[in-house]
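Chemist: Next come a sequence and a model predicted from it.
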2 protein chains.
Amino acid sequence: MEMEGMERFSILCVTEEGKSEIEDMLAREGSLTIILNEHQLATLFCTPSNLDYLAVGFIASEGLLRSKDEIKRITVDDKNGMVWVETIDDKRQPAETLPKRVIASSGGRGLASVTHWRKVESQMNISTHDVFGLVEKFQHRSPIFRATGGTHLAALCDTSDILISAEDIGRHNALDKVLGECILKDVPTDDRIVITSGRVSSEILLKVARRRIPMTISISAPTDLAVRLASDWGITLIGFARGKRMNVYAHSWRVVAA
Amino acid sequence: MEMEGMERFSILCVTEEGKSEIEDMLAREGSLTIILNEHQLATLFCTPSNLDYLAVGFIASEGLLRSKDEIKRITVDDKNGMVWVETIDDKRQPAETLPKRVIASSGGRGLASVTHWRKVESQMNISTHDVFGLVEKFQHRSPIFRATGGTHLAALCDTSDILISAEDIGRHNALDKVLGECILKDVPTDDRIVITSGRVSSEILLKVARRRIPMTISISAPTDLAVRLASDWGITLIGFARGKRMNVYAHSWRVVAA
């Protein structure tokens, strides 16, 4: 039996009583090389599925793409893990915006140049009851994690349901796959919510902020920098959303009584 | 109270019963820009401590440095998150070896060019009892994780004790901090063991293989590619080491009865 994103291995299970051979499922890992207008942008290690979503999400997260209309052609080579994205404006080059993140600003702080973004103004809100409901649905969307323990999950939701979700061995990739699918299917992200199984660092929050998404819910912890940026950028940030409790780190006014 | 690597925040804890303001500790996140011989190598987001270890470990993991003797000078600017490393052979440039990982080989598989490394030949072994003992000690070495839930832990061990450990918001960084400290303090890594709290992907295994370390133990899951590489490179790979059980994915002959 082969399932997408995982593979069966024969391994040894060892306890104090001895060794026994068992069958185990492992998360698959492949590579993706992203080429934007003949310019090699990056090589990522990822779960080898939906490489077009991942490539488009990654390019958008780097600030090099905003909508489907800007894309002229996408060519996917699944076998070799390559995706070519051509934009209408084919002069678009990574060098234009990449320095912001890869090369630090004068002070050495890689995010200094984007911290004065305008705030996400969305007036959406959600009840605590609906947050707990979304988190419960979210946790049933991870077949690869359940079988392997080796992947992260990300999703886009409205206040009642999960609209799009993706699993990947990398938490950044899982979110980029969701955002890329939104772009390619013209799914609006205004007034919507991102949920992630992974920790929320500045890089995760930057991806959310670029798409002007007003709320991020994590099953895990945020960093102090992610909390500061969420506060500056007008994004509601929830962490440790498990069972019937959560911590709200920024813009808690969007979470209303059940 | 301020503790290294974390910071106190006032946040909202929300349950079905209502909201209450609580004090919470968050993992700190800063950036590190690494400059090797005046060449800007990378900007990482990390726990802002031991930046010299992280810079040296990162450079070594990229294949650009092997030992302390090759280093002429290290300059650290903690405030701005900058580290300059100058090598004796100052012509050493990232371009020489970086393409291997960042730019994929012809087939698009980023690791193709390193998969024919010679095997790690170490004849070391460890009893199942000692593995369980190391894992228990390991899990007591993570003050930031215990307070924040937001960091990973990595360590270098011999068969009975933990020699060096480091916490970081990134699992790659935590391991690079350990390997960098080994280089700067001339701590041998032959016949020793790496333990990590994080998942073992090809990139983690590549760092271990470069230092010729014969065994990696993870509390979490490996990917299929990491298992294949461990098998090819002669590295014993253990995952899900929790309590009194573990899975052995490659070269199980080094794990002997208690």
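Modeler: Looks like it came in fine. Please read these numbers as outputs of a predicted model, since none were measured by experiment. Residues are numbered from 1 along each chain as shown, chains lettered A, B, ... in the order given.
Chemist: So for stretch A:234-253, what gets flagged as buried?
Modeler: A:234-241, A:246-252 (16 or more other CB atoms under 10 Å in any protein chain shown). To be clear about C-beta, it is placed using only N, CA and C from the backbone, and glycine gets the same treatment.
Chemist: do the same with stretch A:213-220
Modeler: A:213, A:214, A:215, A:216, A:217, A:218, A:219, A:220.
Chemist: end-to-end on that stretch?
Modeler: End-to-end distance of stretch A:213-220 (CA to CA, to the nearest Å): 19 Å.
Chemist: how about that stretch, does it reach chain B?
Modeler: Yes - Stretch A:213-220 is in contact with chain B by CB under 8 Å from any CB of the partner chain, via residue A:220.
Chemist: I'd like the mean pLDDT over stretch A:210-218, please.
Modeler: When pLDDT is averaged along stretch A:210-218, the result is 97.
Chemist: follow-up on the earlier one: tell me which two of the buried residues of stretch A:234-253 sit farthest apart.
Modeler: Of all pairs drawn from those, the greatest distance, 21.6 Å, lies between A:234 and A:240 (CB to CB).
Chemist: Please, which helix or strand holds the spatially most central residue of chain A?
Modeler: Nearest to the geometric centre of chain A sits residue A:175, at 1.2 Å (CA atoms, centre = their mean). Residue A:175 belongs to helix A:171-184 when assigned by DSSP states H and E.
Chemist: What mean pLDDT does the helix or strand that that helix is followed by get?
Modeler: Using DSSP H and E, the helix or strand that follows helix A:171-184 in sequence is strand A:193-196. Averaged over strand A:193-196, pLDDT sits at 98.
Chemist: contacts for strand A:193-196?
Modeler: Residues outside strand A:193-196 that contact it (CB atoms under 8 Å, 6 or more residues apart in numbering or on different chains) are A:126, A:134-135, A:138, A:152-159, A:162, A:171, A:174-175, A:178, A:204, A:208, A:213-220, A:241.
Chemist: Phi first, then psi, for residue A:41.
Modeler: With angles defined as degrees, to the nearest 10, residue A:41 sits at phi -90, psi -50.
Chemist: From residue A:217, how far off is it?
Modeler: Per CB to CB, to the nearest Å, residue A:41 is found 29 Å from residue A:217.
Chemist: in chain A, which segments are predicted with low confidence?
Modeler: Within chain A, the set of residues satisfying pLDDT under 70 comprises A:1-2, A:91-116.
Chemist: List just the nearest of the buried residues of stretch A:234-253 to residue A:6.
Modeler: Closest approach to residue A:6 among those (CB to CB): residue A:241, at 25.8 Å.
Chemist: give the contact list for the closest one.
Modeler: A:131, A:132, A:135, A:195, A:217, A:218, A:219.
Chemist: In JSON lines, list those residues along with distance to residue A:78 and secondary structure.
Modeler: Output for the contacts of residue A:241, formatted as JSON lines (distance: CB to CB, whole Å; DSSP: H, G, I helix; E, B strand; the rest coil):
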{"residue": "A:131", "distance to residue A:78": "37", "secondary structure": "helix"}
{"residue": "A:132", "distance to residue A:78": "38", "secondary structure": "helix"}
{"residue": "A:135", "distance to residue A:78": "33", "secondary structure": "helix"}
{"residue": "A:195", "distance to residue A:78": "27", "secondary structure": "strand"}
{"residue": "A:217", "distance to residue A:78": "32", "secondary structure": "strand"}
{"residue": "A:218", "distance to residue A:78": "30", "secondary structure": "strand"}
{"residue": "A:219", "distance to residue A:78": "30", "secondary structure": "coil"}
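Chemist: What are the contacting residues of the helix holding residue A:175?
Modeler: A:44, A:46-47, A:50, A:52-58, A:60-61, A:65, A:67-68, A:151-156, A:164-168, A:187-189, A:194, A:196-199, A:203-204, A:207-208, A:211.
Chemist: Which ones among those map onto helices?
Modeler: Judged by DSSP state H, the contacts of helix A:171-184 include A:52-58, A:60-61, A:203-204, A:207-208 as members of helices.
Chemist: can you narrow those to ones near chain B?
Modeler: Filtering those for proximity to chain B by CB under 8 Å from any CB leaves residue A:203.
Chemist: what's the span of stretch A:161-177 from first residue to last?
Modeler: The first residue of stretch A:161-177 is 18 Å away from its last residue (CA to CA).
Chemist: oh, I was asking about stretch A:243-258
Modeler: Distance between the two ends of stretch A:243-258: 15 Å, counting by CA to CA.
Chemist: returning to what we had before: farthest pair within the buried residues of stretch A:213-220?
Modeler: A:214 and A:220 (20.1 Å).
Chemist: for residue A:198, what are its contacts?
Modeler: A:152, A:154, A:171, A:174, A:204, A:218, A:219, A:220.
Chemist: 10 Å - rerun?
Modeler: Applying CB atoms under 10 Å, 6 or more residues apart in numbering or on different chains, one finds that residue A:198 lies in contact with A:151-154, A:168, A:170-172, A:174-175, A:204, A:218-221.
Chemist: which of those lies closest to chain B?
Modeler: Using CB to the nearest CB, residue A:221 comes nearest to chain B of these, at 3.6 Å.
Chemist: so what's the closest one closest to, chain neighbours aside?
Modeler: Excluding its sequence neighbours, the residue lying closest to residue A:221 (CB to CB, 6 or more residues apart in numbering or on different chains) is residue B:150, at 3.6 Å.
Chemist: gap between the one you found and residue B:223?
Modeler: Distance of residue B:150 to residue B:223, given as CB to CB: 23 Å.
Chemist: Likewise for residue A:26?
Modeler: 6 Å.
Chemist: Which one of the two is surrounded by more residues?
Modeler: Using other CB atoms under 10 Å in any protein chain shown, the more surrounded residue of residue A:26 and residue B:223 is residue B:223, with 29 against 26.
Chemist: Name the nearest residue to the more buried one, sequence neighbours excluded.
Modeler: Distance criterion CB to CB, 6+ apart; nearest residue to residue B:223, sequence neighbours excluded, is residue A:29 at 3.6 Å.
Chemist: Check residue A:186 too.
Modeler: Leaving out its chain neighbours, the residue that sits closest to residue A:186 by CB to CB, 6+ apart is residue A:68, at 5.9 Å.
Chemist: what sits against that neighbour?
Modeler: Here residue A:68 is in contact with A:56, A:182, A:183, A:184, A:185, A:186 (CB under 10 Å, 6+ apart).
Chemist: ok, 7 Å please
Modeler: A:183, A:184, A:186 (CB atoms under 7 Å, 6 or more residues apart in numbering or on different chains).
Chemist: Neighbour count and distance to residue B:22 added to those, as JSON lines?
Modeler: Shown next, in JSON lines, are the contacts of residue A:68 (neighbours: other CB atoms under 10 Å in any protein chain shown; distance: CB to CB, whole Å):
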{"residue": "A:183", "neighbour count": "22", "distance to residue B:22": "38"}
{"residue": "A:184", "neighbour count": "18", "distance to residue B:22": "41"}
{"residue": "A:186", "neighbour count": "9", "distance to residue B:22": "41"}
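Chemist: ok, so of the residues you listed, who is nearest chain B?
Modeler: residue A:184 (21.3 Å).
Chemist: coming back round to it: just the angle for the helix holding residue A:175 relative to helix A:51-61, thanks.
Modeler: Relative orientation of helix A:171-184 versus helix A:51-61 (axes from the mean of the first three to the mean of the last three CA atoms, to 10 degrees): 100 degrees.
Chemist: Relative to the whole chain's centre, how far out is helix A:171-184?
Modeler: Counting by CA atoms, centre = their mean, to the nearest Å, helix A:171-184 is centred 5 Å from the centre of its parent chain.
Chemist: Cool, thanks, signing off.
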